[in-house]
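A.B. asks: Next come a sequence and a model predicted from it.
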Amino acid sequence: MYKAIGVIELKSIPKGVEAADAALKSANIDMVSAHPACPGKYEIILTGSISNVSAAVSHINSKFDGYVIDSSVMGTIDEQVIAALFSTGEGERCGSLGLIETFSAASAIKAADLAVKTAKVKIYDLRVSRGMGGKGVVMLTGDIGDVSAAVEAGAEYAKGVASLSSTAVIAAPHEDLWSQM
């Protein structure tokens, strides 16, 4: 079971590998994943107690300051976000569709978490970094009011950390659109 989640993105693959090692040695945390991501980034996701995850992320932020693109610590992450991060499938096609696009994986994950905690929505898909030029996108479904509120909450967070790329809310997506996503 995941406790807290930390996400760190670095702009160097060698420094990312070094940072992953430093994170593991700095606190009692577990590595969920550590891998190169587009375009030449290195993405680290770790878990453990909130204090250990915070300590590891803080250590990486200070030691690799010139290489860190973005980082985030989430104390209690919604189970939908965890499932979406590690799933290869897609969510339920229902109701309206909302999208939040960010310039980093860390901000997309945090925006997704805030969105699902704000309104009664489901994560249709959550994609980070790979094959997306380093961006992240969360797709949410539900009633139009809930989707709008969730997109607004996630976008406000991303805007606040200067990572918002764009958003969209589609009240009733065409069936052909669903089949292409």
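C.D. replies: Nice, I can see it. Keep in mind that this is a model prediction, so the values were computed, not measured. Residues are numbered from 1 along each chain as shown.
A.B. asks: where in this structure is pLDDT low?
C.D. replies: Scanning the chain for pLDDT under 70 picks out 1-2, 88-90, 130-131.
A.B. asks: Tell me where the longest helix sits in it.
C.D. replies: For the chain, the helix that runs over the most residues, judged by DSSP state H, is helix 144-160.
A.B. asks: quick one: the helices in this structure?
C.D. replies: Per DSSP H, the chain carries helices over the ranges 13-26, 50-63, 79-85, 105-118, 144-160, 175-180.
A.B. asks: now for these, which one comes closest to E43?
C.D. replies: With respect to E43, and counting by C-beta to C-beta, the nearest of the helices of the chain is helix 105-118 at 5.6 Å. In short, each C-beta sits where N, CA and C put it, glycine included.
A.B. asks: Against G40, how distant is the closest residue to V137 other than its chain neighbours?
C.D. replies: Distances taken as C-beta to C-beta, 6 or more residues apart in numbering put E101 closest to V137, at 4.7 Å, once the chain neighbours are dropped. Look at E101 and G40: by C-beta to C-beta, to the nearest Å, they are 20 Å apart.
A.B. asks: out of these two, which sits in the busier spot?
C.D. replies: Neighbour comparison, E101 and G40: the larger count goes to E101, with 22 against 12 (by other C-beta atoms under 10 Å).
A.B. asks: Quick check: bridge partners of the more buried one?
C.D. replies: Beta-bridge partners recorded for E101 (DSSP bridges): V137, S166.
A.B. asks: for it, what are its contacts?
C.D. replies: Counting by C-beta atoms under 8 Å, 6 or more residues apart in numbering, E101 touches A108, K135, G136, V137, L164, S165, S166, T167.
A.B. asks: does K63 really touch A22, like I thought?
C.D. replies: Yes: at 6.0 Å, K63 counts as touching A22 under the criterion of C-beta atoms under 8 Å.
A.B. asks: residues contacting the nearest residue to V32 once chain neighbours are set aside?
C.D. replies: Spatial nearest neighbour of V32, chain neighbours left out: I45 (4.2 Å); criterion: C-beta to C-beta, 6+ apart. For I45, the contacting residues are I5, G6, V7, M31, V32, S33, A34, L85, by C-beta under 8 Å, 6+ apart.
A.B. asks: Now with 7 Å, please.
C.D. replies: By C-beta atoms under 7 Å, 6 or more residues apart in numbering, I45 lies in contact with I5, V7, V32, S33.
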